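Asker: got a sequence here, can you build the structure:
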Amino acid sequence: MEISILKEIGFSDREIKVYLALLELGETTVGPIASRTRIQHSKIYQTLEKLIDKGLISFIIKSKTKYFQAQNPNQILNMLKEKERRFSGLLPKLQQKRKFSQEQQIATVYEGYKAIKSMFDSILEELDNKSYYYVFVFKEEYTKSKLASRFLRNIHIQLSEKKVDDRLVAHTSIKEEFKKNYSDIKNVKYRFTNINLPLGLMIINNRVINWIWGERPTAIEIISSQIAQQYKKFFLEIWKTSR
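Answerer: The predicted model follows:
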């Protein structure tokens, strides 16, 4: 008889032996169970108590002697269903704990053009048409650095190909240069404002990136759904008032 499943669902070797012996013997005392299983009497009593607690055996007393009897094996299935029901109640809490562990806040610093390019390459691989990419645009970099201008333009071309929700808010002082750089990219949306904003700030799904170009470009990437949502809300408020 294949009984390994009983071990898989949590029965000990002694519990299995005693329960099977009772199924075969029917109503009986401890002596025949010990003879059939070759388990010490003291261990038999311990095992019987555990099986009674599980609702798998019952007993009656005749002439001051206990007689034990196995319950219908269907009770094992009922026991498993009860455990499943109880676990189903616990499952949402466990999933919530897992969600929190996956949403740990992480900050990473990237220094140098190659490091920043590698960061963006990794991010772009993750994005799809359900993603968003919101940016408070650099100002001087569009007029002073051709490398920065080309690098940022290439990012938005890739975003357009992926149909990412790509929005940029730029300062009106670079309106003409900005339009020249982005007007031919189909999917990108942009607006302009006179408000002095935190430039070089990007909100991308569950991350916020703040970076400066300069002689040695440096970016600080914060992975945090909570922080990203706060910045997203701020961006959309500015977006509404920009033209």
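
Asker: how many neighbouring residues does residue 156 have?
Answerer: 20 (other Cβ atoms under 10 Å). The C-beta positions use only the backbone N, C-alpha and C, and glycine is treated the same way.

Asker: which residues in this protein form strands?
Answerer: Taking DSSP state E as the test, the strands found in the chain are 57-62, 65-70, 106-111, 132-136, 165-171, 189-193, 201-204, 207-212, 218-223.

Asker: any idea how far residue 235 lies from residue 201?
Answerer: According to Cβ to Cβ, to the nearest Å, residue 235 stands 8 Å off from residue 201.

Asker: residues shared between the contacts of those two?
Answerer: Residues touching both residue 235 and residue 201 (Cβ atoms under 8 Å, 6 or more residues apart in numbering): residue 136.

Asker: hmm, back to that, among the strands of the chain, which is nearest residue 44?
Answerer: Minimum separation from residue 44 across those (Cβ to Cβ) falls at strand 65-70, 9.4 Å.

Asker: packing partners of the closest one?
Answerer: Strand 65-70 is packed against helix 13-25, helix 30-37, strand 57-62, with contacts defined by 3 or more Cβ pairs under 8 Å, 6 or more residues apart in numbering; DSSP states H and E.

Asker: domains in the chain, as residue ranges please.
Answerer: 4-74, 102-241 (automatic domain parsing).

Asker: got the contact list for residue 124?
Answerer: 155, 158-159, 162.

Asker: same question for residue 171.
Answerer: 137, 139, 192-194, 196-197, 199.

Asker: would you check how far apart it and residue 152 are?
Answerer: Distance, residue 171 to residue 152, using Cβ to Cβ: 15 Å.

Asker: circling back: residue 219: which of the contacts of residue 171 is nearest?
Answerer: Nearest member of those to residue 219, counting by Cβ to Cβ, is residue 199, at 13.1 Å.

Asker: doesn't residue 139 make contact with that closest one?
Answerer: Yes: judged on Cβ atoms under 8 Å, residue 199 makes contact with residue 139 at a distance of 5.6 Å.

Asker: which stretches of the protein have low pLDDT?
Answerer: Across the chain, the ranges flagged by pLDDT under 70 are 1-2, 98-104, 140-144.

Asker: most remote residue from it's center?
Answerer: Most distant residue from the mean C-alpha position of the chain: residue 63, 60.8 Å away (Cα atoms, centre = their mean).

Asker: show the contacting residues for residue 234.
Answerer: The contact partners of residue 234, taken as Cβ under 8 Å, 6+ apart, number zero.

Asker: hang on, the earlier thing: weed out the non-buried ones from the contacts of residue 171.
Answerer: Using 16 or more other Cβ atoms under 10 Å as the burial test, the contacts of residue 171 include 137, 139, 192-193, 197, 199 as buried.

Asker: biggest helix in this protein, by residue count?
Answerer: helix 74-102 (DSSP state H).

Asker: now that one: buried residues?
Answerer: residue 76.

Asker: figure out how far stretch 204-222 is from the centre of its chain.
Answerer: Distance of stretch 204-222 from the chain centroid (Cα atoms, centre = their mean, to the nearest Å) equals 25 Å.

Asker: list the buried residues for it?
Answerer: 204-211, 213, 217, 219, 221-222.

Asker: CSV for those, including distance to residue 5?
Answerer: Formatted as CSV, the buried residues of stretch 204-222 follow (distance: Cβ to Cβ, whole Å):
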residue, distance to residue 5
204, 49
205, 44
206, 42
207, 46
208, 51
209, 52
210, 56
211, 57
213, 64
217, 60
219, 55
221, 49
222, 49
